[in-house]
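Novice: Compute the structure for the input listed below.
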Amino acid sequence: MRLDRFLANLPSYNRQNVRLMLAQRRVRVDGQVVSDPLTDVREFSRVELDEQLLQAGRPARYLMLYKPTGCVSATHDPQHRTVLDLLPAALRDDLHIAGRLDFNTTGLMILTNDGQWSRRLTQPATKLPKHYLVDTEDEIGEHYVAKFREGFYFAFEDLTTQPAQLDILGPHRARLAIVEGRYHQVKRMFGHFNNKVIGLHRESMGAIRLDPGLAPGEYRELTANEIATV
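Specialist: Numbers count the residues shown, from 1 in each chain. Okay, the predicted model is just below:
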């Protein structure tokens, strides 16, 4: 929300008061004096007028988790362990998953309470690539590369996938970069060739790479630089 709207929505102020307060540089957002009425105020922002606290803001949290096999990408599940169950109880409140992984898919998972940030990370429109290591039952042919670049028609959704980059690493292994996250997308792509995916591991999302120091089930906070890349 714009700062002027945020202030004008408070019961004690009107638009004229707001313009005057901003002109007098009496308002601070996250500790910085601001006079621009278009300054963005979010639920994480601390807003002060003189010495009066108008909004304390809540801490934004960004976690990197190494998802192991055998847990679901959900906040609650009556039957299976979830990725949130891997975190201490004190960290779980308000977190959501930015980019789900299948039950037996491993690798990088991001959990956050910042919905605006996570949408930029996962929406196809931003074209941030997600890199996967893929192991298959049958050999991966050179002719796969052009088809992945062309896209696959998914009849159920009535859409063609966006161009993807496939790099063949060995007879049964490839690295795949996609910008979407359709249901079972990678398995369905290889299914076009009747080639079963037997191993799938997400290495990165955009510029955020899975920390090689993490073991399956472990997590850490994202760094300020990692957060800023989205």
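Novice: Now do the helices in this protein.
Specialist: 3-8, 15-23, 115-122, 144-150, 185-191, 224-228 (DSSP state H).
Novice: Just name whatever secondary elements the first one is in contact with.
Specialist: Counting contacts by 3 or more CB pairs under 8 Å, 6 or more residues apart in numbering; DSSP states H and E, helix 3-8 is packed against helix 15-23, strand 27-29, strand 47-49. In this view, the C-beta of every residue, glycine as well, is placed from N, C-alpha and C.
Novice: Recalculate using a threshold of 10 Å.
Specialist: Secondary-structure packing of helix 3-8 (3 or more CB pairs under 10 Å, 6 or more residues apart in numbering; DSSP states H and E): helix 15-23, strand 27-29, strand 47-49, strand 52-55.
Novice: Centre of the chain to the second one, how far?
Specialist: Distance of strand 27-29 from its chain centroid, counting by CA atoms, centre = their mean, to the nearest Å, is 29 Å.
Novice: which helices and strands sit right next to that strand?
Specialist: By 3+ CB pairs under 10 Å, 6+ apart, strand 27-29 packs against helix 3-8, strand 32-34, strand 47-49, strand 52-55.
Novice: That one pairs with which strands, parallel or anti?
Specialist: According to DSSP bridges, strand 27-29 forms sheet pairs with strand 32-34 (antiparallel), strand 47-49 (antiparallel).
Novice: any chance of the helices and strands packed on strand 27-29 in CSV, plus mean neighbour count and distance to residue 163?
Specialist: Shown next, in CSV, are the helices and strands packed on strand 27-29 (neighbours: other CB atoms under 10 Å; distance: least, CB to CB, whole Å):
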stretch, mean neighbour count, distance to residue 163
helix 3-8, 19, 40
strand 32-34, 12, 42
strand 47-49, 18, 43
strand 52-55, 14, 43
